[in-house]
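*Asks:* predicted structure and sequence below. I'll ask about it afterward.
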Amino acid sequence: MRIGIQTGYWSRRPPKGIQQALVAAEALGLDSVWTAEAYGSDAFTPLAWWGSRTRRVRLGTGIAQMAARTPTATAMQAITMDHLSKGRFVLGLGASGPQVVEGWYGQPYRKPLARTREYVDILREVFARERPVAYDGEFYQLPLPADAPGAMGLGKALKPTVHPFRKEIPVVLAAQGPKNVALAAEIADGWMAGFYAPRMDAEFRALLDEGFAARSEERSPASGFEVLATVPVVVRDDVEAAADVIRPHIALYAGGMGSKEANFHKASLDRLGYQDAMDEVQALYLAGRKDEAAAAVPTALVEEIALVGPASKVRRDLERWESTALTTLLVQGDPASMLAVLAAAQDRTPAGRVRSAAGAALARIAPRKV
């Protein structure tokens, strides 16, 4: 299992210490770094800026929202990033939710699975650069039909002027619902999970197998499929104090990222067996009682989907993830905690020795007690 860093999306301002953490983590054997977007910072710009200081790690969007860009615009950015990184780029995509898609982007959210299929189809056409891109789908038409509202009828099928660095840029789909997970296994090169609990590994594997069974023979073998999950990590001497750092994050997703009628994040947590607790969290959050909502998040839930507590406990808990379907664990948190997990993972490998330069960098930004 590889270790990556999920930097997430920004809140009020750029996060501190990420650039130094990435440089130190690369020396420790970091596999990848991922960025996200909601309705503030975008996913591509920080990845290019921070990634320019790295030489080996993979650079992934985790995730770029499909509603934010047309398929061809996303393909252009992916091709550009892949060239600049010399083939290290991974395109992580997600449908987001109706609150963001319809409220922020002003785009309809209906039929997200069908829309995702068309989006990925067009990306593959652009990356291959075998012919001008023409597509006649329910959601995307290239060129725009002459009889479309506002059309001038002058559209022409085009292919990118830039020759892609790779004709197969990996596409990873973020998914939480059962049908979305199966779709990722069917049409993508990887699945990025939300709220992955090792206890549910058998159920997740079954959904992936369902998608693999429907996979086109033209696509790469399912054996090379990547499974990633973002796992928050907070290293503290006290477990409850560490869990308190993560509770507001869970409360936000269960209560504030969507409506009471449609919240895919809450549904994912419900399926883990915490529906009653999440109903309470959502009700408190929607009533504006955010602190109480966070306090209502069970510690047991935090420990299932995150790594919290003293470094020795985090090291032990990490073992639960190593027997799952995950190929890449994306740690998220303060730089010190993230690097502590990376160091713990490397310590268990045969060549698990931290080079002196990496150790010095780690000591500067990751004190033993955070």
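*Replies:* Now that the structure is in, tell me what you want to look at. Numbering: from 1, shown residues only.

*Asks:* where does the stretch 51-200 of the chain have low pLDDT?
*Replies:* Applying pLDDT under 70 to the stretch 51-200 of the chain flags no residue at all.

*Asks:* just the helices in it please.
*Replies:* For the stretch 51-200 of the chain, the helices defined by DSSP state H, counting those that start in this stretch cover 71-84, 98-103, 112-128, 178-187.

*Asks:* quick one: closest of these to residue 13.
*Replies:* helix 98-103 (20.7 Å; CB to CB). Where you see a C-beta, it was placed from the backbone N, CA and C, and this is true even at glycine.

*Asks:* max-length strand in this protein?
*Replies:* strand 226-235 (DSSP state E).

*Asks:* which parts of the protein are strands?
*Replies:* Going by DSSP E, the chain shows strands at 2-8, 32-35, 58-61, 64-65, 89-94, 135-136, 141-142, 171-175, 190-193, 226-235, 307-309, 328-332.

*Asks:* how about those strands in TSV, adding distance to residue 200?
*Replies:* Below are those laid out as TSV (distance: least, CB to CB, whole Å):
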stretch	distance to residue 200
strand 2-8	20
strand 32-35	22
strand 58-61	24
strand 64-65	26
strand 89-94	20
strand 135-136	36
strand 141-142	39
strand 171-175	14
strand 190-193	10
strand 226-235	11
strand 307-309	17
strand 328-332	15
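
*Asks:* with respect to residue 163, which of those lies nearest?
*Replies:* Nearest of these (CB to CB): strand 89-94, 15.3 Å.

*Asks:* I figured residue 25 hits residue 340, correct?
*Replies:* No. The criterion here is CB atoms under 8 Å, and residue 25 misses it with residue 340 at 10.9 Å.

*Asks:* higher neighbour count, these two?
*Replies:* residue 25 (30 against 25; other CB atoms under 10 Å).

*Asks:* and the gap between that one and residue 18?
*Replies:* The gap separating residue 25 from residue 18 is 10 Å, by CB to CB, to the nearest Å.

*Asks:* same question for residue 337.
*Replies:* Plainly put, residue 337 is 13 Å away from residue 18 if you go by CB to CB.

*Asks:* likewise residue 263?
*Replies:* 29 Å.

*Asks:* residue contacts, residue 128?
*Replies:* residue 167 (CB atoms under 8 Å, 6 or more residues apart in numbering).

*Asks:* that older thread, give me the more crowded residue out of residue 337 and residue 18.
*Replies:* A side-by-side neighbour count of residue 337 and residue 18, using other CB under 10 Å, places residue 337 first with 24 against 20.

*Asks:* that one and residue 234 touch, don't they?
*Replies:* Yes. Counting by CB under 8 Å, residue 234 is a contact partner of residue 337 at 5.5 Å.

*Asks:* could you find the closest non-adjacent residue to the most centrally placed residue in the chain?
*Replies:* By CA atoms, centre = their mean, the mean C-alpha position of the chain lies nearest to residue 62, the distance being 3.2 Å. Using CB to CB, 6 or more residues apart in numbering and skipping the chain neighbours, the partner closest in space to residue 62 is residue 34 (3.3 Å).

*Asks:* circling back: compile the strands of the chain into a markdown table and extend it with columns for mean neighbour count and distance to residue 159.
*Replies:* What follows is the strands of the chain, written out as a markdown table (neighbours: other CB atoms under 10 Å; distance: least, CB to CB, whole Å):
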| stretch | mean neighbour count | distance to residue 159 |
| --- | --- | --- |
| strand 2-8 | 23 | 32 |
| strand 32-35 | 26 | 28 |
| strand 58-61 | 25 | 23 |
| strand 64-65 | 24 | 22 |
| strand 89-94 | 26 | 18 |
| strand 135-136 | 13 | 12 |
| strand 141-142 | 18 | 11 |
| strand 171-175 | 25 | 19 |
| strand 190-193 | 26 | 26 |
| strand 226-235 | 24 | 28 |
| strand 307-309 | 27 | 45 |
| strand 328-332 | 24 | 32 |
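
*Asks:* looking at those, which is nearest to residue 316?
*Replies:* Of the strands of the chain, nearest to residue 316 by CB to CB is strand 307-309, at 9.3 Å.

*Asks:* direction included, what does that closest one pair against?
*Replies:* As defined by DSSP bridges, the strand partners of strand 307-309 come to strand 226-235 (parallel).

*Asks:* give the rounded mean pLDDT of the partner strand.
*Replies:* For strand 226-235, mean pLDDT is 96.

*Asks:* what angle sits between it and strand 2-8?
*Replies:* When axes from the mean of the first three to the mean of the last three CA atoms, to 10 degrees is applied, the directions of strand 226-235 and strand 2-8 differ by 70 degrees.

*Asks:* turn the helices of the stretch 51-200 of the chain into JSON lines, columns for distance to residue 217.
*Replies:* Listed next are the helices of the stretch 51-200 of the chain as JSON lines, based on distance: least, CB to CB, whole Å:
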{"stretch": "helix 71-84", "distance to residue 217": "23"}
{"stretch": "helix 98-103", "distance to residue 217": "33"}
{"stretch": "helix 112-128", "distance to residue 217": "15"}
{"stretch": "helix 178-187", "distance to residue 217": "12"}
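
*Asks:* let me know which of the ones you listed is the nearest to residue 333.
*Replies:* helix 98-103 (23.7 Å).
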